[in-house]
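*Asks:* got a predicted structure here, sequence first:
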Amino acid sequence: LLCPQVKDDPGAHQMDLVFDRFIDEASMVEGVTGAARMVCKSEWDYNLILKFEDIDSLKSYMADHHDKIWGEFESEVKALAVGNIKQQNFVYDDIE
């Protein structure tokens, strides 16, 4: 999970354009199964979620690919972000 904050709706759109390229790059890694984004339009919190097949896929991505891929996009994301960018890993389950 990447959690920058954006200034406004045009800023969210610009972040979408950067993260579309980030997702294209990350999706080439084995075990990455998808992505989602959420934007709070009152606080302008922006969340990008990468989804992985299993915990081993996440560990492999973090160990072997994250620094390289994130490094390609970090400066663009920071330029659009308001404040700090938080990164976290979560266990994700759909509840039905």
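*Replies:* Cool, got the structure. Keep in mind it's a predicted model, so treat the numbers as computed, not measured.
*Asks:* what segments of this structure are helices?
*Replies:* 9-26, 55-64, 66-80 (DSSP state H).
*Asks:* hey, what's the nearest residue to Gly83 once chain neighbours are set aside bridged with?
*Replies:* Spatial nearest neighbour of Gly83, chain neighbours left out: Gln5 (5.5 Å); criterion: CB to CB, 6 or more residues apart in numbering. From N, CA and C alone the C-beta is placed, and that goes for glycine too. On the basis of DSSP bridges, Gln5 is bridged to Asp45.
*Asks:* Gln5: what's it in contact with?
*Replies:* Counting by CB atoms under 8 Å, 6 or more residues apart in numbering, Gln5 makes contact with Glu43, Trp44, Asp45, Tyr46, Ala81, Val82, Gly83.
*Asks:* just the pLDDT for it.
*Replies:* What the model reports for Gln5 is a pLDDT of 92.
*Asks:* can you start the count at 688 instead of 1 from here on
*Replies:* Let's use 688 as the start, then, which means that last one is Gln692.
*Asks:* quick one: it from Lys765, how far?
*Replies:* For Gln692, the distance to Lys765 equals 12 Å [CB to CB, to the nearest Å].
*Asks:* picking that back up, among the helices of the chain, which comes closest to Val778?
*Replies:* When the helices of the chain are compared by CB to CB, helix 742-751 sits nearest Val778, at 8.0 Å.
*Asks:* if we can go back for a sec, ok, and the most crowded of the contacts of Gln692?
*Replies:* Highest neighbour count within these: Tyr733, with 24 neighbours (other CB atoms under 10 Å).
*Asks:* so what's that residue up against?
*Replies:* Here Tyr733 is in contact with Cys690, Pro691, Gln692, Val693, Ala699, Met702, Arg724, Met725, Val726, Cys727 (CB under 8 Å, 6+ apart).
*Asks:* isn't the second one up against Gln774?
*Replies:* No. If you go by CB atoms under 8 Å, Pro691 and Gln774 don't touch, sitting 9.8 Å apart.
*Asks:* between those two, which has more neighbouring residues?
*Replies:* Pro691 (23 against 11).
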